[in-house]
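1. I need the structure of the sequence given here:
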Amino acid sequence: MATTKIRKTPGICNGAACIGRTQIPVWRLIALSSQGCSDANLLGDYPQLTREDLKAARTYYAQNPEEIDNAIAPRTWKIKNRTATRTKITVTTIDKNKYSIAFNVFD
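-> The predicted structure is shown next:
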């Protein structure tokens, strides 16, 4: 089963689910994919990953969507005593291991 490649290790990436032999969190791959990053781009940016690793990340996400969604961004944000119910997350690759993340919060 593909999810056997996913591991959670205390002290590594704050205990987040990662691709087994790396310190690449599943949530990061899912967030980048959801922003339109192709498998080819992910594999280029993370040469230690394989297509099977990406499949394992997606399988893990399918089985644990709440965990991964919560790692990417909370579903509701408390801002100035108002509760926002929708967010838009924009992830931009700066270079191989650096990203810019912007959050737009809507009521």
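2. read off the pLDDT value for the closest residue to Q35 other than its chain neighbours.
-> For Q35, the nearest residue in space outside its immediate sequence neighbours is V91; the separation is 4.8 Å by CB to CB, 6 or more residues apart in numbering. Every residue, glycine included, has its C-beta placed from N, CA and C. The pLDDT attached to V91 in the predicted structure is 70.
3. quick one: low-confidence ranges for the protein?
-> Applying pLDDT under 70 to the chain flags residues 1-4, 74-90, 92-107.
4. just the strands in it please.
-> For the chain, the strands identified by DSSP state E occupy 6-8, 17-19, 77-79, 82-84, 86-95, 98-106, in order along the chain.
5. state which helix of this protein is the longest.
-> Within the chain, and with DSSP state H defining each element, the longest helix by residue count is helix 51-63.
6. what is that helix packed up against?
-> For helix 51-63, the packing partners by 3 or more CB pairs under 8 Å, 6 or more residues apart in numbering; DSSP states H and E come out as strand 6-8, strand 17-19, helix 26-34, helix 39-45.
7. for the residue nearest to Q35, give the beta-bridge partners.
-> Taking DSSP bridges, one obtains I101 as the residues bridged to V91.
8. you'd agree it is up against A31?
-> Yes - look at V91 against A31 with CB atoms under 8 Å: they come within range, at 5.3 Å.
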